[in-house]
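1. Sharing a model prediction with you, sequence too.
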Amino acid sequence: MIIVGVGVGPNMLTEEAIEVISTASEVYGSPRSLELAAKYIAGEGKRIKDYKNLHKLPEDAVVLSTGDPMFSGLGKFAGEGDRIIPGISSLQVACAKTGVDMAGLAVITAHGRDPTPAKKDFLEQINLGKNIFLLPADTFGSIEVAEILKDRGIDASIYVCEKFGYPDERITRGTVNNPPVAETSLHCVVVVF
């Protein structure tokens, strides 16, 4: 299996990703990832219905992962001998758009999982004074982050970055007392001290 990162939004495919996708006979992905790569899919595009059975796909099957496969993506399903092609992640785009240096940035994900470990990690990282990039969960996003910071008397800028690469891309900056609120599920949070 070849897992290919298709980027976090439109027009964010790498040349390597385009080459692999355009020469594949079968391409698997979520509806969104198939849409992002649609103009390069020459073979058959198939929707993934059961992520736990990806390992049963043919060796040459191409599996699309939004963003980068190794950041809350499908890279976790790769087996020995599988190939992973990186993609442009929300982390990279958020840092470029907000001017936050990735060096020393704490990266936390609550996306698609129990947010309890992410909250614990968030507390540890703010105690270290690190800027934070967060892939949120429905119950752990900008509002909850602001509450935690406010309870600890910590001042910070909070950014909500939404729909990177789409025509309605939006980046909203707020504070602990007036945090930005996401309008879509396609978003991330950046906290800068």
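-> Arrived safely. Numbering: from 1, shown residues only.

2. Please make it C-alpha for all contacts and neighbour counts, starting now.
-> OK.

3. Could you pull out the buried residues of the lowest-mean-pLDDT helix or strand in the chain?
-> The least trusted helix or strand in the chain, going by mean pLDDT, DSSP states H and E, turns out to be strand 44-47, with a mean of 94. Neighbour-count burial for strand 44-47, counted by 16 or more other Cα atoms under 10 Å, picks out Gly45.

4. for stretch 161-170, same thing?
-> Cys161, Glu162, Lys163, Phe164.

5. just stretch 129-136 next, same as before
-> For stretch 129-136, by 16+ other Cα under 10 Å, it's Lys130, Asn131, Ile132, Phe133, Leu134, Leu135, Pro136.

6. Let's see which of these end up in strands.
-> Using DSSP state E, the members of those that fall within strands are Ile132, Phe133, Leu134, Leu135.

7. Distance to Ser25, pLDDT and secondary structure added to the buried residues of stretch 161-170, as TSV?
-> Shown next, in TSV, are the buried residues of stretch 161-170 (distance: Cα to Cα, whole Å; pLDDT from 0 to 100; DSSP: H, G, I helix; E, B strand; the rest coil):
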residue	distance to Ser25	pLDDT	secondary structure
Cys161	35	98	strand
Glu162	33	98	strand
Lys163	30	97	coil
Phe164	29	97	coil
